[in-house]
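Trainee: What follows is a predicted protein model with its sequence.
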Amino acid sequence: MTTTDVADLHVYDTTLRDGAQQEGMNLSVADKMAIAPLLDEIGVGYIEGGWPGAIPRDTEFFARAAKELDLTHARLAAFGSTRKAGGDARTDAQVRALLDSEAPVVTLVAKSDIRHVERALRTDGEENLAMIADTIRLLVAEGREVILDAEHFFDGYRFDRSYALRAATTAFEAGADVVVLCDTNGGMLPDWVAEVVTDVRARTDGRLGIHAHNDSGCAVANSLAAVGAGARHVQGTVNGYGERTGNADLLTCVANLELKLGNPVLAGGGLRDLSRISHNISEITNISPYARQPYVGSSAFAHKAGLHASAIRVDPDLYQHIDPVAVGNDMRMLVSDMAGRASIELKGRELGFDLAGRADVLGRVTDRVKAAEALGYTYDAADASFELMLREELDGTGPSYFEVESWRTFVEHRPGADGRVDAEATVKLRTGQGRCVTTGEGNGPVNALDDALRRALVSTYPEIGEFELIDFKVRILDSQ
């Protein structure tokens, strides 16, 4: 693959349309208005906003976007279908809605698999090609940039190569700027994609694109294979959102294209913002970030094994494929029963403690971590607990805020309470102000314990009144 410039390789985001089809995701107009500027910050070239005319919320989004969105890098694209079979593109309601959206780019979806033409559209192959050509010509005449999504292209190509190729060439002849080859069912493998794109590339000079779904686990690999074979337009979604198993993760695609293949595809140097934007969009969609997501996940550069830590202490690049700063992420050391002294030393450094030469402290902390994890505790995501332990071992300087004598909880189900479960917890502890026994209530044992502990400590430490429990995990331990 050769190095290209930003203008030569399109990055097209379809989070607001195709990504929004993910199970459990429901984007409001306000959500879309909040996400679009974040996509623009990354430096993508196109933002697909939705399907105006077919979905009322999307119609409203484009109406607001025309007045309120001021995009620096991206062009807004409206998604829709070709004219209906036997109809006229000039009077087709869906086509008119695309024009009325005022979007400078229109992305049309069209059938390229003859089986879908005959069984889903219930028309013949020639009429489908006419639907493609008529709609594109009208949109081009109206001054729109037109992108054609050739739906089910790869499956259609494998069934009837000649017809799939005719669908693509018809679109270019009618004036389409890009023809996107879609792996709609997501079942392709990289070698297959490369072979098909190479064949299509040999038959047209037009710009080809790739739209890959992840049903075979190969969406990103298939997208890169397509680029390697000559595609110059890549579609995907932030965090790989999408129906079924999702779309190609656009963040992973662009990171690979820029960092591995030397293609500067994002305008404005947006690569360093990938992690921040990924998490911001997760917050808006209300879908928890995937910790193990390549490049931007919180675990992407997290190291746990003691052997790794020993090498990283010498040179971080020995166990990292890139510098995490390049994508706005950071290296983290995890403290666990796999930890050796090097892990503890590096984690201490991360928290601001110089443990070099403190073999005694390193040994005691390592032993405590391993003993605690043997009992079922974990410090993977408990930096504050680890820091308190570390302070305790550093010349005894760690503060002892309180000592727990005992605690207990019980849960009860009351008849006639519509299935509601109530929990109660009692905590006995000592602080600098003396002994305290408190009871708390909640909708589960963790909630009740949190309430009881707050009540016991808030008079001694008023700051606790400002704390908020936002997340916890419950693990089922084995019988032992």
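Mentor: Happy to help now that I have it.

Trainee: so where does Ala78 fall, helix or strand?
Mentor: Using DSSP states H and E, the element containing Ala78 is strand 75-81.

Trainee: Return that strand as CSV; C-alpha atoms alone will do.
Mentor: This file holds the C-alpha atoms of strand 75-81, laid out as CSV (Å, rounded to 0.1, in the frame of the first residue of the first chain):
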residue,chain,number,x,y,z
ARG,A,75,-19.4,17.4,5.0
LEU,A,76,-22.8,16.3,6.0
ALA,A,77,-24.4,13.4,4.1
ALA,A,78,-28.0,12.4,3.8
PHE,A,79,-28.8,8.7,3.3
GLY,A,80,-31.7,7.4,1.3
SER,A,81,-32.7,5.0,-1.5
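
Trainee: next structured bit after it?
Mentor: Sequence order places helix 93-100 as the next helix or strand after strand 75-81, per DSSP H and E.

Trainee: tilt between the helix or strand just after that following helix and helix 93-100?
Mentor: Next helix or strand after helix 93-100 toward the C-terminus (DSSP H and E): strand 105-111. Comparing the axes of strand 105-111 and helix 93-100 via axes from the mean of the first three to the mean of the last three CA atoms, to 10 degrees yields an angle of 160 degrees.

Trainee: who does strand 105-111 pair up with?
Mentor: Strand pairing for strand 105-111, determined by DSSP bridges: strand 75-81 (parallel), strand 145-151 (parallel).

Trainee: what about it, distance to the chain center?
Mentor: Put simply, strand 105-111 sits 25 Å off its chain's centre (CA atoms, centre = their mean, to the nearest Å).

Trainee: quick one, phi psi at the residue nearest the centre of the chain?
Mentor: Nearest residue to the geometric centre of the chain (CA atoms, centre = their mean): Asn239, 1.6 Å. Dihedral pair for Asn239: phi 60, psi 10, per degrees, to the nearest 10.

Trainee: before we move on, what about Gly236?
Mentor: phi -180, psi -180.

Trainee: ok, now the one 10 residues further on?
Mentor: Dihedral angles phi and psi of Gly246 (degrees, to the nearest 10) take the values phi 100, psi 180.

Trainee: is it true that it touches His213?
Mentor: Yes. Here Gly246 reaches His213: they are 7.2 Å apart, a contact under CB atoms under 8 Å. Using the backbone N, CA and C atoms, a C-beta is placed for each residue, glycine as well.

Trainee: Excluding chain neighbours, what is closest to Arg368?
Mentor: Met389 (6.1 Å; CB to CB, 6 or more residues apart in numbering).

Trainee: Three-state assignment for the closest residue to Leu257 other than its chain neighbours, please.
Mentor: Leaving aside its chain neighbours, Leu257 sits nearest to Asn263 (4.4 Å; criterion: CB to CB, 6+ apart). Under DSSP: H, G, I helix; E, B strand; the rest coil, the three-state class of Asn263 is coil.

Trainee: ok now the strand holding Ala78, how far from the chain's centre?
Mentor: Distance, centroid of strand 75-81 to centroid of chain: 22 Å (CA atoms, centre = their mean).

Trainee: tell me the mean pLDDT for stretch 426-433?
Mentor: Per-region confidence: stretch 426-433 scores 93 on mean pLDDT.
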